[in-house]
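**Student:** quick one, what's the 3D model for this:
(2 chains)
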Amino acid sequence: MLHHAWIIPALPALSFVLIIAFGKRMPGKGHFIGVPMVGLAFVLSLVTAGQWIARDTADNPIEALDDVSGECSKTPAMIESGELKIQEKKKSADADKESAAADSGTDRGTDRGTDRGTVELAAAAGAATPVAVTAEDGEPEEYTRPIVSCLGWYTSSTTDTNVHGDSAAATTPIQMTIGTQVDGQSVLMLLVVTLISLLVHIYSTDYVNGDRRYTHYFAFLSLFTASMLFFVLAENTLMMIVGWELVGVCSFALIGHWWEEKPNSDAALKAFLTNRVGDIGLLIGVITLYFGAGQTFNIVDINTLANQGQINQTLLLVSACCLITAVMSKSGQFILHTWLPDAMAGPTPVSALIHAATMVVAGIYLVARLYPVFYHGLQIEGSSVNLLAVIGSVTALFGALLGFVQKDIKKVLAYSTVSQLGFMVAALGVGAWTAALFHLFTHAFFKACLFLGAGSLSHACDHSFNMVDDMGGLRKIMPKTFATYMVGFLSLAGLFPLAGFWSKDEILAGTGGLNGDANGTYYFVLVMLLMAAFCTAAYMTRTVWYAFFGEYRGHGHPHESGPRITVPLIILATLGAVAGLANLPKKFWFGIEFGDAALAFEHIVEPVGVYFPGKAQNFTHAEFNGTLAVIASAAGLLGIGLTWAFYTGKLSFLEGLASRVKLARAGKTLLEEKYYLDHLYTDVIAGGTKGPIARGANWFNTNVLDGVVNGAGRTAVATGKWVYTKIDQGAVDGTVDRMASVTGATGGELRRFQTGRVQQYAAAFFAAAAVMAGIIVLMVGG
Amino acid sequence: MLLNQFLLLSAVLFCIGVYGVIVRRNGVLVLMSIELILNAVNINLVAFGTMTDAAIGQVFALFVIAVAAAEVGVGLAIVLLIYRNRQSIDIDELDELKG
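**Tutor:** A predicted model of the protein is given here:
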């Protein structure tokens, strides 16, 4: 399966076509195709993951990059042919210093990486032969071999020259390929996407049962799954753009599933248009990288070159910033997050699949995929602030704060998603690559569980999501939903030993605020994330209180949902509880060591090799930090405790605070108005531009365009008149008339000669003959 | 030279013929004048033929006489028909082709 991973996205794509073509005529209206197809895709993903894990443990020296076929990627071939050479470094510090001086900073890691081979340009390194790199302690390092297979679909003529203008590349035609890249990261996402998609498919057969566009709904679920898998497996950035746009389209279609109601179609449009803002950044970033990496879209190529310091750092910075714009829109980062809460207008399973677990993490995935670009472009290592970290941590806190004032349970969860995505972006920003992906992994499960739980609640409560007015006291009526929701909630709040605890703690440790073994010292990020963790626990307690405790405030008789809803919930809750075991730290509290089970996730998922920051680039992994874990857990518990105390009436001095204290009221209003961002976009930016633009356009229209048109009209009329009088009447008609009158006059003159008298004719004849004879006599005889 | 006298004779005959054709009103007389012109030509042909010792001049003259006989036949028939229609052969009155 590793070489034929294309089958996995092809299955849901086929399912989409089949559902569109035959779904309406089939029993089940389409889910009999969609569910098995996605189930099959999930099984194949499991197989792929198994093969990947079995394969990854082998010791692979660097030249084993031959799993990347030559037509897909040039750089591994260049390494083999010696153009990019791997040189073994001596362990002595002197040799390091010498080479650092010789390299003159082409490889920033050289002087710090004490015992790892570095890669240098052949020209600089002289005649070094490629040697398998040895790691510390003399053991061979395990290298990840991404399995890239591809198919060329376009080859340019050979006369193109690349940006460097070097002759070797000048004769190499530019090749565009389509293919798959299977490595730990894509295998991880394959599993997450197919599993959650499968559960959401099953859940949907009950949840949207009887909907008027049931078939259409399942078709788009399949299409979305296919697009997301396409994006995940993409082997080059061009394919990533295609997948990125496809999931955007599916998101648009599914948010607007009930488009008959204006707010829903507005939300769909808002999601689509907000994403377009980021898409521009994505395009520019990808194009910049394309030229920066010597005209290649291939991810391995770009990463290798960026990691070897062969792409200009400014260029990397520019493309990283452009790509961050894309991440901001797709992954709901502050200030482009506004579409994500509105996207809750779609059906709940869609929110769980697209707007919590998979599509919104596309941005995280993109950054993780092109991580060397960000790592070197933003100079993450050794720093204490950068754009990615700031955006992530601000989003984490500000998104969490917005969760406090929403009545709609799904919107609370949406802001929670925004906040958690902020955690992941911040983790990538501080260099905690594995932590970010680990959090992505665990978050997908417990957040999907929470969303589906909210859907189950609304299914019971007359399709309302208003937890303040229409829910309450549901814990006894819906015990399964309650239990699963609680697991998701505690996991999200980061309580030991649930999944959220491990992943959140790894991110916090990765900031390096308390421990020195991280990639930098990001105090700002640490503080923001701790506050966000506190807020997360608090607002989630609020939803639990409103939904499950107190008296039932809605109408009708709520009931527990059927098995097709509760079984996916139970599966997701279980995963949300135990997924954290995938990446246990090496050393835990009380001196517990997990041994071989530790860091399994990191070993399987994180790439090691020339195309990823390693020790040569001073890339480190923060270890578990006991103090930090205690602080984070305390923040979570404090959030839960305080909120609980507030709602059970033990903190009565806080009640009505907003109506008594001016500052609190201002804060609440600010939150209720969502930081006025919607006003900013709709009224200030859209309104502010459309007025002057409309007036300007009107002025332009009346004065310039109309002037041009009118002038053209008048000129045409004048020209026409002139042509009519002068040319048509004067010249053409005049000529014709003149010819007629001349002919008439000539005829009139000539008719006098035609007397009808034969003898006159004869006289003329003889006279003429005489004249002719005279002429002949004169000419011949003369 | 003897030829000169023949040519002079034919020239005189020709001029008389032309005069007759242009001046005479009587259709028959116009036809007769045409005969004079033709005979003037015949004289020329015979004279030149004799001068060059070639029989072709006389052959041509005979040919002209034969054609002239046919022409006179047609011409007299026309005159006869004109007379039948108009009770006159005055060709001055025949000006219906006037433009």
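**Student:** spell out which residues of chain A are next to chain B.
**Tutor:** Counting by CB under 8 Å from any CB of the partner chain, the residues of chain A close to chain B are A:750, A:751, A:754, A:755, A:756, A:757, A:758, A:759, A:762, A:763, A:766. Bear in mind the C-beta positions are built from the backbone N, C-alpha and C, glycine included.
**Student:** pick out the most distant pair among those residues.
**Tutor:** Pairwise distances across these (CB to CB) peak at 22.2 Å, for the pair A:751 and A:766.
**Student:** out of these two, which sits in the more crowded spot?
**Tutor:** residue A:766 (18 against 11; other CB atoms under 10 Å in any protein chain shown).
**Student:** identify, from the residues of chain A next to chain B, the entry nearest to residue A:452.
**Tutor:** Nearest member of the residues of chain A next to chain B to residue A:452, counting by CB to CB, is residue A:750, at 109.2 Å.
**Student:** sec struct for that closest one, please.
**Tutor:** Put simply, residue A:750 is helix when judged by DSSP: H, G, I helix; E, B strand; the rest coil.
**Student:** with residue A:180 instead?
**Tutor:** strand.
**Student:** then residue A:152?
**Tutor:** Strictly by three-state DSSP, residue A:152 counts as strand.
**Student:** TSV please, covering the residues of chain A next to chain B and showing pLDDT.
**Tutor:** Below are these laid out as TSV (pLDDT from 0 to 100):
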residue	pLDDT
A:750	88
A:751	86
A:754	83
A:755	83
A:756	82
A:757	83
A:758	84
A:759	86
A:762	89
A:763	90
A:766	91
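**Student:** among these, which lie within helices?
**Tutor:** A:750, A:751, A:758, A:759, A:762, A:763, A:766 (DSSP state H).
**Student:** how about the second one, nearest residue that isn't a chain neighbour?
**Tutor:** Once its chain neighbours are removed from consideration, residue A:751 has its nearest residue in residue B:99; the separation is 3.9 Å (CB to CB, 6 or more residues apart in numbering or on different chains).
**Student:** just give me the neighbour total for that neighbour.
**Tutor:** 11.
**Student:** that one and residue A:762, how far apart?
**Tutor:** Distance of residue B:99 to residue A:762, computed by CB to CB, to the nearest Å: 17 Å.
**Student:** please apply the same query to residue B:39.
**Tutor:** 18 Å.
**Student:** can the top helix by length along chain B be said to contact chain A?
**Tutor:** Taking DSSP H as the criterion, chain B has its longest helix at helix B:56-86. No: between helix B:56-86 and chain A, judged by CB under 8 Å from any CB, nothing touches; the nearest distance is 11.0 Å.
**Student:** which helices and strands does that helix pack with?
**Tutor:** helix B:27-51 (3 or more CB pairs under 8 Å, 6 or more residues apart in numbering or on different chains; DSSP states H and E).
**Student:** give me the element the nearest residue to residue A:192 once chain neighbours are set aside is part of.
**Tutor:** Nearest residue to residue A:192, sequence neighbours excluded (CB to CB, 6+ apart): residue A:444, at 4.8 Å. For residue A:444, the element it lies in under DSSP states H and E is helix A:433-460.
**Student:** now do that helix, average pLDDT.
**Tutor:** Here helix A:433-460 scores 89 as its mean pLDDT.
**Student:** what's the first helix or strand after that helix?
**Tutor:** helix A:467-470.
**Student:** quick one: contacts of that following helix?
**Tutor:** The contact list for helix A:467-470 (CB atoms under 8 Å, 6 or more residues apart in numbering or on different chains) reads A:407-409, A:412, A:457, A:461-462, A:464, A:543, A:546-547, A:553-555.
**Student:** switch the cut-off to 10 Å
**Tutor:** A:406-412, A:454, A:457-458, A:461-464, A:474, A:542-548, A:552-556, A:558 (CB atoms under 10 Å, 6 or more residues apart in numbering or on different chains).
**Student:** what comes up buried for it?
**Tutor:** Residues A:467, A:470 are the ones in helix A:467-470 that count as buried (16 or more other CB atoms under 10 Å in any protein chain shown).
**Student:** next helix or strand past it?
**Tutor:** Following helix A:467-470 in sequence, per DSSP H and E, is helix A:479-493.
**Student:** quick one: list the elements packing against that following helix.
**Tutor:** Secondary-structure packing of helix A:479-493 (3 or more CB pairs under 10 Å, 6 or more residues apart in numbering or on different chains; DSSP states H and E): helix A:409-429, helix A:433-460, helix A:499-510, helix A:523-548, helix A:563-578, helix A:626-647.
**Student:** buried subset of the contacts of helix A:467-470, written for ChimeraX?
**Tutor:** A single ChimeraX command is used to select the members of these judged buried by 16+ other CB under 10 Å:
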select /A:406,408,409,410,411,412,454,457,458,461,464,474,542,543,544,545,546,547,548,552,554,558
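**Student:** helix, strand or coil: sort out residue A:383 for me.
**Tutor:** Applying three-state DSSP: residue A:383 is coil.
**Student:** helix or strand for residue A:671, which one?
**Tutor:** helix A:662-672.
**Student:** gap between the closest residue to chain B within the stretch 301-450 of chain A and residue A:478?
**Tutor:** In the stretch 301-450 of chain A, the residue that lies nearest chain B is residue A:322 (94.9 Å; CB to the nearest CB). For residue A:322, the distance to residue A:478 (CB to CB) stands at 46 Å.
**Student:** please apply the same query to residue A:640.
**Tutor:** 21 Å.
**Student:** those two: which is more packed in?
**Tutor:** Taking neighbours as other CB under 10 Å, residue A:640 and residue A:478 compare with residue A:478 leading, 24 against 21.
**Student:** give the contact list for the more buried one.
**Tutor:** Here residue A:478 is in contact with A:453, A:456-457, A:459-461, A:484-485, A:547-548, A:558-561, A:566 (CB under 10 Å, 6+ apart).
**Student:** repeat for residue A:512
**Tutor:** Contacts of residue A:512 by CB under 10 Å, 6+ apart are A:382, A:384, A:430-432, A:518-523, A:525-526, A:620, A:622, A:625.
**Student:** count of residues packed around the closest residue to it other than its chain neighbours?
**Tutor:** Using CB to CB, 6+ apart and skipping the chain neighbours, the partner closest in space to residue A:512 is residue A:518 (2.9 Å). Using other CB under 10 Å, residue A:518 has 25 other residues around it.
**Student:** so residue A:518 lies in a strand, does it not?
**Tutor:** No: counting by three-state DSSP, residue A:518 is not part of a strand but coil.
**Student:** still on that earlier bit, quick check: mean pLDDT of the longest helix of chain B?
**Tutor:** 93.
**Student:** just stretch A:197-210 next, same as before
**Tutor:** Mean predicted confidence for stretch A:197-210 is 87.
**Student:** for stretch B:23-39, same thing?
**Tutor:** Here the average pLDDT along stretch B:23-39 is 92.
**Student:** again, but for stretch A:282-296
**Tutor:** Here the average pLDDT along stretch A:282-296 is 87.
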